[in-house]
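In: task: produce atomic coordinates for the following.
(one chain, ligands or ions: 2)
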Amino acid sequence: MEQDSHLAPGRIPLAEHRRSLRELVGAVLDSPHAPGAATVGLKRARGRTLSRDVTSPVNVPPVANSQMDGFALNVESLASTPDGAPITLPLGTLIAAGDEPSTLEPGSARPIMTGAPLPAGANAVIPVEETAVGRFAQRTKEESDVCTQPSDLTFTLASERRTEGRFVRPAGSDTERGDVVARAGQVLTARLIGHLASVGVAEVEVRERLRAVVVSTGTEVREPGEPEPDDWRIFDANSFLVAAALEDAGIEVCARLRVPDDPRALLDDVGTACESVRAHLVVSTGGVSAGAVEPIRQAAQMAASPLRLAFDKVAMQPGGPQGLGMLAAEHGEVAWIALPGNPVSAYVSLEMFVREALAAPPRARVRLPVRTQTAESEPSPEGLVQVRRARLNSDSTVKLVGGPGSHLVGALALSDALVLIPPEVTRVADGDIHEVMILR
Ligand SMILES: Nc1nc2c(c(=O)[nH]1)N[C@H]1C(S)=C(S)[C@@H](COP(=O)(O)OP(=O)(O)OC[C@H]3O[C@@H](n4cnc5c(N)ncnc54)[C@H](O)[C@@H]3O)O[C@H]1N2
Ligand code: MOO
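Out: Numbering: from 1, shown residues only. Ligands and ions are numbered 1, 2, ... in the order given. Okay, the predicted model is just below:
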């Protein structure tokens, strides 16, 4: 969305950061300790990514069946009856869903229930409402064995409704044997899991998840729920926010750490956690800006550090300062994504860059009218893509929530969309149309 000429000096385009992230994750996926494949049952498959194609071993439905509760017949037996004249056919026995395939006596009709196999010789179903019967009396299986139907079926049926195949679902009309039901790389949604179950597949081969260690840096952060005397310190929102967002993107978060502003402790704690879970990925927050105490930058600069990081300022607000690199661990190279410390900056970075690099299902993006908070126009920084938090309205507009500040985690929680304001736009007027990323 952004053109280089519109960007603030010293800022890199969002696309460049995206590319670097893809390359970083790609390097881990190409490495000897890349995640392998695992077989999982359908009950545990939701959200996983298939590692090989699945083809259907069967036709669905396996045999032609009825789409309606009604009467199976062969339309040729109606051919000689003129339009509007009553038709009377002898009735055979009832066919319910679950009954074995059977046959139709020529010149007769059989009561048939939705999903029941069409008897051989039939080629259409007349819904019960279109006949004098109106609706079937309900009964148990035991009763249906002894119960008799009227012996004849009388009805009238206009000639245009006497078509072959009417209300018949042919064998394989949903899926045919040999059809590719799902492809390697697809994420298993409820819809796809339903399709796999429908073709009788009980287990699928999926990619092992990437294993991540999540780290919050900062001497000022303390654990939620922990009683502490120094109530001037802030609770660690980030490691919970980041871990939940990564899990949402299909990542296995194996450890969540909180490390004070001490680069030595940072490298020791993260290194130990990575070894113990054989991590592929570290996602840290904080310690990447321009201050005197920046533990991530300092850890990467230490002599003989196992951590190599490159830092950039992306042309985005929030989420400008970013670091990317590798941690050399005994089990292999671990990709390190160093996000900025402000909670909203960290979250926006995950949505804007990290999910895509991790091959998570993409968020929908649509262009919608934006409602400002007071109906007055609101400023947007020149040269940066501003990402504002917003709520979707039922009238297909979005309303900005909270200000642009990247500490506003309360307003973030109220949002379900991100508005992407281009770098050349310096004011957002009520009703302006902008690109919106839907977070639902
Ligand atoms: N002189 C400059 N200062 C800053 C710049 C800059 O370019 N020049 N960039 C600003 C921007 S933009 C951001 S974003 C932050 C990024 O800073 P860091 O990544 O170094 O993060 P910290 O300084 O550690 O923290 C920033 C902010 O977030 C709070 N925080 C940190 N961790 C957590 C946590 N786990 N849970 C909740 N809140 C957290 C922290 O207390 C700070 O208030 O730098 C700006 N400064
Ligand atoms: O751009 Mo920083 O990443 O919020 O406020």
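
In: what helix or strand is residue 58 on?
Out: Element membership of residue 58, judged by DSSP states H and E, is empty: it is in no helix or strand.

In: which residues touch it?
Out: Shown in contact with residue 58 (CB atoms under 8 Å, 6 or more residues apart in numbering): 175, 177, 199, 200. No exception for glycine: its C-beta is placed from N, CA and C like everyone else's.

In: for it, report the pLDDT, please.
Out: Model confidence at residue 58, given as pLDDT, is 98.

In: now swap in residue 149 and tell me
Out: 65.

In: the closest residue to ligand 1 within the chain: neighbour count?
Out: The chain approaches ligand 1 most closely through residue 341 (2.4 Å), counting by CB to the nearest ligand atom. For residue 341, the neighbour count with other CB atoms under 10 Å is 24.

In: test my guess that it contacts residue 284.
Out: No: with contact defined as CB atoms under 8 Å, residue 341 does not count as touching residue 284 (9.1 Å).

In: what touches both of these two?
Out: residue 217.

In: quick one: residue 434 is in a strand?
Out: Yes: applying DSSP: H, G, I helix; E, B strand; the rest coil, one finds residue 434 inside a strand.

In: run a quick neighbour tally on it.
Out: 20.

In: so it makes contact with residue 417?
Out: No: counting by CB under 8 Å, residue 417 is not a contact partner of residue 434; they are 10.6 Å apart.

In: CA-only coordinates of the helix or strand where residue 204 lies in CSV, if you can.
Out: Using DSSP H and E, residue 204 falls within strand 203-207. Extracted in CSV, the C-alpha atoms of strand 203-207 (Å, rounded to 0.1, in the frame of the first residue of the first chain):
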residue,chain,number,x,y,z
GLU,A,203,-6.6,-39.5,10.6
VAL,A,204,-4.5,-37.0,8.7
GLU,A,205,-0.9,-36.2,8.3
VAL,A,206,-0.1,-32.7,9.6
ARG,A,207,3.0,-30.6,9.9
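
In: in it, what counts as buried?
Out: Residues of strand 203-207 classed as buried: 204, 206, 207 (neighbour count, 16 or more other CB atoms under 10 Å).

In: now swap in stretch 426-437 and tell me
Out: Buried, per 16+ other CB under 10 Å, within stretch 426-437: 428, 430, 432, 434, 435, 436, 437.

In: before we move on, the earlier item: mind giving me the packing neighbours of the strand holding residue 204?
Out: strand 37-41 (3 or more CB pairs under 8 Å, 6 or more residues apart in numbering; DSSP states H and E).

In: just the residues contacting the strand it packs on, thanks.
Out: Against strand 37-41 from outside (CB under 8 Å, 6+ apart): 48, 51, 52, 202, 203, 204, 205, 206, 207, 208.

In: strands paired with that strand, and their directions?
Out: Strand pairing for strand 37-41, using DSSP bridges, gives strand 203-207 (antiparallel).

In: need the contact partners of the helix or strand just after the partner strand.
Out: Next helix or strand after strand 203-207 toward the C-terminus (DSSP H and E): strand 211-217. Applying CB under 8 Å, 6+ apart, the external contacts of strand 211-217 come out as 35, 236, 238-239, 242-243, 246, 251-261, 266, 269-270, 273-274, 277-287, 295-296, 334, 341.

In: per-residue confidence averaged over strand 211-217?
Out: 98.

In: adjacent strands (with direction) for that strand?
Out: strand 252-259 (parallel), strand 281-285 (parallel).

In: tell me where the stretch 251-400 of the chain has helices.
Out: Ranges of helices in the stretch 251-400 of the chain, per DSSP state H, counting those that start in this stretch, are 263-277, 295-301, 343-349, 355-357.

In: which secondary element of the protein has the worst mean pLDDT?
Out: helix 141-146 (a mean of 55; mean pLDDT, DSSP states H and E).

In: list the buried residues in the helix or strand following it.
Out: Note on helix 141-146: by DSSP H and E, the next helix or strand toward the C-terminus is strand 152-155. By neighbour count with 16+ other CB under 10 Å, strand 152-155 contains the buried residues 153, 155.

In: right, and the helix or strand after strand 152-155?
Out: Per DSSP H and E, the first helix or strand lying C-terminal to strand 152-155 is strand 168-169.

In: which parts of the protein sit against ligand 1?
Out: Residues of the chain lying close to ligand 1 (CB under 6 Å from any ligand atom) are 216, 218, 220-221, 234, 236-238, 285-290, 294, 318, 320-321, 340-343, 345, 406-407.

In: out of those, which are inside strands?
Out: Assigned to strands by DSSP state E, the following of the residues of the chain next to ligand 1 qualify: 216, 221, 234, 285, 321.

In: among those residues, which one has the most neighbours?
Out: Neighbour max across these (other CB under 10 Å) = residue 285, 29 neighbours.

In: now that residue, nearest residue through space, not along the chain?
Out: Closest residue to residue 285 apart from its sequence neighbours, by CB to CB, 6 or more residues apart in numbering: residue 238 at 4.1 Å.

In: which ones are touching that neighbour?
Out: Contacts of residue 238 (CB under 8 Å, 6+ apart): 216, 221, 285, 286, 341, 343, 346.

In: tell me which two of those sit farthest apart.
Out: 221 and 346 (12.4 Å; CB to CB).

In: how many neighbours does the residue nearest to residue 325 when sequence neighbours are not counted have?
Out: Leaving aside its chain neighbours, residue 325 sits nearest to residue 309 (3.5 Å; criterion: CB to CB, 6+ apart). As a burial measure, residue 309 scores 21 neighbours (other CB under 10 Å).

In: I'd assumed residue 323 was in contact with residue 309.
Out: Yes: with contact defined as CB under 8 Å, residue 309 counts as touching residue 323 (4.6 Å).

In: overlap in contacts, these two.
Out: Joint contacts of residue 309 and residue 323 (CB under 8 Å, 6+ apart) are 296, 297, 300, 336, 338.
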